[in-house]
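Enquirer: next input, structure requested:
(one chain, ligands or ions: 2)
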Amino acid sequence: MHNVFLALGGNQGDPLQCFMLAHETFSQMGTIKRCSGIYQTAPQGGPPQPDYLNAVLWLETSWSCEEILMRALQTEHRCGRVRSERFGPRTLDIDILLYDDAIIERENLIIPHPRLHLRRFVLEPLQEIAPNLVIPAKGPVQSLLQHVITQRVIRVQDWPSTH
Ligand SMILES: Nc1ncnc2c1ncn2[C@@H]1O[C@H](COP(=O)(O)OP(=O)(O)OP(=O)(O)O)[C@@H](O)[C@H]1O
Ligand SMILES: Nc1nc2c(c(=O)[nH]1)N=C(CO)CN2
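Expert: Ligands and ions are numbered 1, 2, ... in the order given. Next comes the predicted model:
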């Protein structure tokens, strides 16, 4: 079994509905061990755009990281995601943050996610569900958070009840 952390984000349409679809999809691939709350977060990078909702899921699965990536891209597509400019607004973004403590650097897949340590909107929900987590080659989530503490992130609600 592999421990996988997935980041969800969106700021167009109905992101919460998309988060529920992602939850349903990944629950068919294994066991969702924990879900963070839902966070409202200031957009980082890209053009001026609305606040995001962000959350993190912890999935225990036997699936490979390539299979998870494929399923993540399909789910983004099902949520009506249109790819336009980099870091631009979107209905749903799914990032694979960690796959056990693997370090993977392929053309289409980099794990740990290359920007995770720079993003409070990822680190804060990650800390909520796995407070002692250490990111391979980067360090403990708690220490990484100290460097991004000025980014605006507010926990606005629990994960909607799906289980
Ligand atoms: N860890 C990863 N998780 C998800 N996608 C990844 C990862 N590493 C590389 N990718 C590649 O990134 C592509 C998706 O890029 P996307 O347009 O979603 O980036 P972005 O959301 O704009 O930026 P960011 O990755 O910083 O959130 C995918 O097609 C996938 O091949
Ligand atoms: N707050 C926030 N900002 C972002 C996000 C996101 O999910 N949340 N995703 C981005 C592109 O991946 C760019 N900027």
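Enquirer: all strands of the chain, in order?
Expert: 2-10, 30-35, 38-41, 52-61, 93-99, 104-105, 110-111, 134-135, 139-140, 153-157 (DSSP state E).
Enquirer: partners of the third one in the sheet?
Expert: This points to strand 38-41. strand 52-61 (antiparallel), strand 153-157 (antiparallel) (DSSP bridges).
Enquirer: which residues sit in contact with the residue of the chain found nearest ligand 2?
Expert: Nearest to ligand 2 in the chain, going by CB to the nearest ligand atom, is Gly9, at a distance of 2.5 Å. Every residue, glycine included, has its C-beta placed from N, CA and C. Residues near Gly9 by CB atoms under 8 Å, 6 or more residues apart in numbering: 15, 41, 52-54, 90, 92-93, 95, 121.
Enquirer: list the buried residues for stretch 78-94?
Expert: 79, 81, 89-94 (16 or more other CB atoms under 10 Å).
Enquirer: okay, the strands of the chain in TSV with distance to Gln146 next?
Expert: Converted to TSV, these look like this (distance: least, CB to CB, whole Å):
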stretch	distance to Gln146
strand 2-10	20
strand 30-35	23
strand 38-41	18
strand 52-61	19
strand 93-99	19
strand 104-105	26
strand 110-111	23
strand 134-135	14
strand 139-140	10
strand 153-157	14
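Enquirer: what would these look like in CSV with mean pLDDT and distance to His23?
Expert: CSV is the format used below for those (pLDDT from 0 to 100; distance: least, CB to CB, whole Å):
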stretch, mean pLDDT, distance to His23
strand 2-10, 98, 9
strand 30-35, 98, 7
strand 38-41, 98, 12
strand 52-61, 98, 7
strand 93-99, 98, 11
strand 104-105, 97, 24
strand 110-111, 98, 21
strand 134-135, 97, 23
strand 139-140, 97, 27
strand 153-157, 98, 14
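Enquirer: and of those, who's closest to Thr75?
Expert: strand 93-99 (6.2 Å; CB to CB).
Enquirer: would you mind listing what in this structure touches ligand 2?
Expert: 9, 41-46, 52, 54, 87, 93, 121 (CB under 6 Å from any ligand atom).
Enquirer: which parts of stretch 28-39 are buried?
Expert: 29-30, 32, 35-39.
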